[in-house]
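1. My questions concern the predicted model and sequence given below.
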Amino acid sequence: MKITIVGAGNVGGACASFITAKDIVNKILLLDLSKEKAMGKALDIWNASQLLKNNTKVIGLGKNEYIKTKNSKICIITSGLIRTTGMTRDQLINKNAVIIKEVTNNLLKYSKNALFIIVSNPLDLMTYVAFKELNISRFKIFGMSGLLDTARYNSYIATSLKCNPKDVQSLLMGEHGDTMIPLLRYTTVSGIPIGELLSKRKLKVIINKTKQTGGEILNMLKTSAWYAPGAAIANIVESIIKNSKTIMTCSCYLTGEYGLNNVFLGVPVVLGKHGIEKIIELQLNKEELNKLKTSSLKIKQMMEQLS
Ligand code: NAD
């Protein structure tokens, strides 16, 4: 089984290394505008194989070598520009849309049955751009967003409670951006509702910090986060390869779910070997539904900015 990652930057390299550590695929093709960069990362990751006890061959490719990605089971797109300090995700729109269109077309030529995972920002919009370009089933293309945002939220709850992050269970929905919706009603720690463990004031701080994490890391590193995004992508790939039917939030194309249409938005789904096997429709209350609508409106406004 082979998979392709386009974009051998920070996120592409990190997700390649997290996937190899899981030892779940035979081959990863890492393709970039710069073949040298892709080859260098591939070699470095392969050098760690004996240490990490895996046998996943990683091969670096340049932009004229899409033919070598033929018959990939999964194509992951991390190519794109990153936000610079002070720049919003929205400002990336048209530059990254051009990259996404070019890359998806090249991939589709050789891997017609692949599942597509989009990572480039602004995430929900770039997934929409790729979907329109690919013209494939909406269950075979989705964006990586909610899993990362949920992990960030969970890590702050664990910090606040001084507990193990693996005991925190939660759900975030909506945009991968400022209007994301951490759902307190669906947040528990070892089965205990979060409202019984943390005050409203503390939870508000955690929710704000979750929303601001992307920007906070950008300010500190002068580039996007990559470890947690890479780990989130690897978990998605694992769910697909192992057909584990894991429930997680991904950015999906909605055609009436939650009363929303023609928009990619983070919602809980069941992930398996065919991609999205089910979109879960929760019984959201009025306030939660309104927040989801606000999120959807924001993405639709960005859709209008696409040239
Ligand atoms: P990076 O600059 O380190 O890497 C991007 C890579 O894409 C570069 O190596 C570049 O050469 C390559 N590239 C650009 N155009 C290309 C093309 N046409 N064909 C092939 N390769 C091309 O950036 P990064 O930190 O890895 O981030 C990549 C993208 O992921 C950005 O858009 C960033 O905003 C986004 N991101 C998303 C999430 C998320 O949660 N969805 C998290 C972090 C970063």
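-> Arrived safely, thanks for sending. Residues are numbered from 1 along each chain as shown.
2. For the residue in the stretch 1-150 of the chain that the ligand sits nearest to, give its distance to G195.
-> Among all residues of the stretch 1-150 of the chain, G9 sits closest to the ligand, at 1.7 Å; criterion: C-beta to the nearest ligand atom. Every residue, glycine included, has its C-beta placed from N, CA and C. Distance check for G9 against G195: by C-beta to C-beta, to the nearest Å, it reads 40 Å.
3. Check A16 too.
-> A16 sits 40 Å away from G195, going by C-beta to C-beta.
4. of those two, who's got more company?
-> Per other C-beta atoms under 10 Å, whichever of A16 and G195 has more neighbours is A16, with 30 against 13.
5. for the ligand, what are the nearby residues on the stretch 1-150 of the chain?
-> For the stretch 1-150 of the chain, the residues in contact with the ligand (C-beta under 6 Å from any ligand atom) are 6-12, 32-34, 37, 63, 78-80, 82-83, 96, 99, 102-103, 119-121, 123, 144-145, 148.
6. same check, this time on the stretch 151-300 of the chain
-> The stretch 151-300 of the chain has residues H176, T223, S224, A225, W226, P229 near the ligand, with proximity defined as C-beta under 6 Å from any ligand atom.
7. tell me the SS of the first one?
-> Taking DSSP: H, G, I helix; E, B strand; the rest coil as the rule, one finds H176 in the coil state.
8. can you pull the contacts of it?
-> Residues near H176 by C-beta atoms under 8 Å, 6 or more residues apart in numbering: R89, N121, P122, L123, D124, G143, S145, G146, L148, D149, S251, G266.
9. what is the mean pLDDT for stretch 208-221?
-> In this model, stretch 208-221 has a mean pLDDT of 95.
10. center of this protein - which residue?
-> M144 (1.5 Å; C-alpha atoms, centre = their mean).
11. Next, the contact list for that residue, please.
-> By C-beta under 8 Å, 6+ apart, M144 lies in contact with I117, I118, V119, L123, P229, A232, I233, I236, C250, S251.
12. at 6 Å instead, please
-> Neighbour list for M144: I117, V119, A232, I233 [criterion: C-beta atoms under 6 Å, 6 or more residues apart in numbering].
13. most surrounded residue in the residues you listed?
-> The contacts of M144, ranked by neighbours (other C-beta under 10 Å): first place V119, 29 neighbours.
14. That one and T188: what is the separation?
-> Separation of V119 from T188 (C-beta to C-beta) stands at 28 Å.
15. How about Q283?
-> Counting by C-beta to C-beta, the gap from Q283 to T188 is 17 Å.
16. where does the residue lying farthest from the centre of the chain fall, phi/psi-wise?
-> Largest separation from the mean C-alpha position in the chain: E196, at 30.7 Å (C-alpha atoms, centre = their mean). Main-chain dihedrals, E196, degrees, to the nearest 10: phi -90, psi -10.
17. mind listing the strands for the stretch 101-250 of the chain?
-> Using DSSP state E, counting those that start in this stretch, the strands found in the stretch 101-250 of the chain span residues 115-118, 141-143, 168-169, 172-173, 181-182, 188-189, 192-193, 246-255.
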